[in-house]
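Asks: coords please:
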Amino acid sequence: MAYQLRGQLHEKSKELQLAVNDYEQAIALTPNYGPSYVNLARILGADGQYDAALNYLNQVIILNPTYATAFLNRGVIHEMLGKKEKGRLDYSQAIQLEPENGLFYRYRGVNYLADGNSNLAIADFNHAIQFLPKDGLSYFLRAKAFQQIGMKKEALIDAQKAMDLNYPVEQSMINELKE
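Replies: Below you'll find the model as predicted:
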């Protein structure tokens, strides 16, 4: 645990190689502790080391197939690799494991939105907002989905709600929705 905690401190201080070293040591000493794998994979993925990140996430999923956060992070890596469907499957698995985690719905909603599946995105953003009612980003994303299908009134309401929750919304979007 000491290596895991120190790794988190190094990560917050942007001393990423030191964080990587500590997470690797934590995994070596406690190979069944999932957060070390996920934290290490997140750093490697952000550095473009996608194969290494996937390797760690696959390892932790084998060790703990009910670790929803590992599926979420693996979904992100798949999307970075352009494998949207694999990402969506991982987000769906995370949702199945933790159906009241709004963040998981938001990630899958973004995946749907990027593919132009606005109605599925809206359904996921509805769930995200249900579980994270003060999440301005989810309101903004739902506004974008409504905008994609021409529902300007609903999009404007959500864009304004996002702003009320201190999420920055471009004035040009608001002006467009008011037309």
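Asks: what helix or strand is residue 99 on?
Replies: Assigned by DSSP states H and E, residue 99 falls within no helix or strand.
Asks: Use 41 as the first number for this chain going forward.
Replies: Okay, using 41 as the starting number, the last item reads as residue 139.
Asks: Tell me who's in contact with it.
Replies: Contact analysis of residue 139 by Cβ atoms under 8 Å, 6 or more residues apart in numbering lists nothing. Every C-beta, even on glycine, is put in place using the N, C-alpha and C of the backbone.
Asks: Could you check how far it is from residue 73?
Replies: Going from residue 139 to residue 73 by Cβ to Cβ, to the nearest Å gives 25 Å.
Asks: Looks like residue 121 contacts residue 88 (just checking).
Replies: No. Counting by Cβ atoms under 8 Å, residue 121 sits too far from residue 88 to count as a contact (10.5 Å).
Asks: The two - which one has more neighbours?
Replies: residue 121 (15 against 10; other Cβ atoms under 10 Å).
Asks: quick one, phi/psi of the more buried one?
Replies: Main-chain dihedrals, residue 121, degrees, to the nearest 10: phi -90, psi 0.
Asks: if I pick the nearest residue to it once chain neighbours are set aside, what's in contact with it?
Replies: The shortest distance from residue 121 to any non-neighbouring residue, by Cβ to Cβ, 6 or more residues apart in numbering, is to residue 90 (5.5 Å). If you count contacts by Cβ under 8 Å, 6+ apart, residue 90 has them with 84, 117, 120, 121.
Asks: And the buried ones among those, selectable in PyMOL?
Replies: Of the contacts of residue 90, the buried ones can be selected in PyMOL as follows, counting by 16 or more other Cβ atoms under 10 Å:
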select buried, resi 84+117
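Asks: Out of the contacts of residue 90, flag the one nearest to residue 109.
Replies: When the contacts of residue 90 are ranked by distance to residue 109 (Cβ to Cβ), residue 117 comes first, at 12.9 Å.
Asks: Next, name the residue at the spatial heart of this protein.
Replies: When Cα atoms, centre = their mean is applied to the chain, the residue found nearest the centroid is residue 147 (4.7 Å).
Asks: Roughly how far does residue 131 sit from residue 137?
Replies: Residue 131 is 11 Å from residue 137, by Cβ to Cβ.
Asks: Compare neighbour counts for these two and give me the winner.
Replies: Legend: neighbour count by other Cβ under 10 Å for residue 131 and residue 137, higher for residue 131 (29 against 17).
Asks: In space, what's closest to the more buried one - neighbours in sequence excluded?
Replies: The shortest distance from residue 131 to any residue other than its chain neighbours is 3.8 Å, reached at residue 148 (Cβ to Cβ, 6+ apart).
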